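Chemist: Quick one, what's the 3D model for this:
(one chain, ligands or ions: 1)
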Amino acid sequence: KASAARVVSTWDFGVAANQAAWAILGKGGHALDAVEAGAQVPESDLRNHSVGKGGYPDRDGHVSLDASIMDADGSCGAVAALEHIEHPISVARRVMERTPHVLLVGEGALQFALEQGFRKQDLLTPEAEQAWHEWLKTAKYQPSINSEVHDYGRTGRPGGAHNHDTIGMLAIDAHGRMSGACTTSGMAWKMRGRVGDSPIIGAGLYVDGEVGGATSTGVGEEVIRNAGSFLVVELMRQGRSPHEACKEAVMRIVKKRREASKTLQVGFLAMNRNGEVGAYAIQHGFTYAVCDAQKQDALIPSQSVY
Ligand code: SD4
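Modeler: Prediction:
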């Protein structure tokens, strides 16, 4: 029996992203189109300093983007350290559909994007540039636990160091097909050339149509170390619920990195093929958005270790 359509994504701004995805899912469209359209929303949102245009740059002032996309049958594509392109998620999809490869990086990824007709533009907004200049005064790399940027709707001001607002999105369509997408500008003030978990299949994103999908947000290094999203999907394959699987993956990180984990954030979000959703994070403050035919704007606080 075909599952009911549903889309989930990370953080508060996942609500708006889900609605763009739902415009496709609600009409019986394909999950892959839905996650691409959804991920494009924060990519274009200048208020979001961790994704796409308006994202905070690396320590040398370059906005450098990572993204991945994956379909139920294991097809996937990704770009890393891509500059000057507003929608890295769409370039990732082209890598999947139009090249024999999975991951293109840096100059080569940009060259491919331009060949595919994407427009080259300056992604560093005056606001992000100013924040970078502020940061240069001390030039300390200290990821904040949760970005306050998702407060802007309530406070009307962007806050803090904005490190954790990557969007990870998982959708299941009316035909029961699942796809996922993940897109980010990575950690603010990262070293030039640094790549996080988001474009690494199995780390920031993993989908297996027979089981379900998972995605992550937070300090990417910790997620790569544990092949985090792949781990969550494999745990679901063994019978864990999405919540239990996310919790176990978080506990792996905490067990191995007991001291460091007290001050860093990682969150996992998962959905199984039946549309059951779960999440877990190291730190309090992680939220995820759920959208289906019943309710389009649900925002749920994740449980956490601390
Ligand atoms: C990274 N996981 O590049 C990303 C950052 C992130 O919300 O999640 N920000 O490590």
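Chemist: Can I get stretch 280-298 in PDB, CA atoms only?
Modeler: C-alpha atoms of stretch 280-298 as PDB (Å, rounded to 0.1, in the frame of the first residue of the first chain):
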ATOM      1  CA  TYR A 280      17.900  13.200  18.500                       C
ATOM      2  CA  ALA A 281      20.600  15.700  19.200                       C
ATOM      3  CA  ILE A 282      23.600  16.100  21.600                       C
ATOM      4  CA  GLN A 283      22.400  19.500  22.800                       C
ATOM      5  CA  HIS A 284      19.100  21.000  23.700                       C
ATOM      6  CA  GLY A 285      17.700  23.400  21.000                       C
ATOM      7  CA  PHE A 286      17.500  21.200  17.900                       C
ATOM      8  CA  THR A 287      14.100  21.400  16.100                       C
ATOM      9  CA  TYR A 288      12.600  19.700  13.100                       C
ATOM     10  CA  ALA A 289       9.700  20.500  10.900                       C
ATOM     11  CA  VAL A 290       7.100  18.000   9.700                       C
ATOM     12  CA  CYS A 291       4.600  18.500   6.900                       C
ATOM     13  CA  ASP A 292       1.900  16.200   5.500                       C
ATOM     14  CA  ALA A 293      -1.700  16.300   4.400                       C
ATOM     15  CA  GLN A 294      -2.900  16.800   8.000                       C
ATOM     16  CA  LYS A 295      -0.600  19.600   9.100                       C
ATOM     17  CA  GLN A 296       1.700  21.800   7.100                       C
ATOM     18  CA  ASP A 297       3.600  23.700   9.700                       C
ATOM     19  CA  ALA A 298       4.500  21.400  12.600                       C
END
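Chemist: near the ligand at all, that stretch?
Modeler: No - against the ligand, stretch 280-298 shows no contacts by CB under 6 Å from any ligand atom, the least distance being 9.8 Å. To be clear about C-beta, it is placed using only N, CA and C from the backbone, and glycine gets the same treatment.
Chemist: Identify each buried residue in that stretch, please.
Modeler: Neighbour counts over stretch 280-298 (16 or more other CB atoms under 10 Å) mark 280-283, 285-292, 298 as buried.
Chemist: Name the nearest of those relative to the ligand.
Modeler: residue 286 (9.8 Å; CB to the nearest ligand atom).
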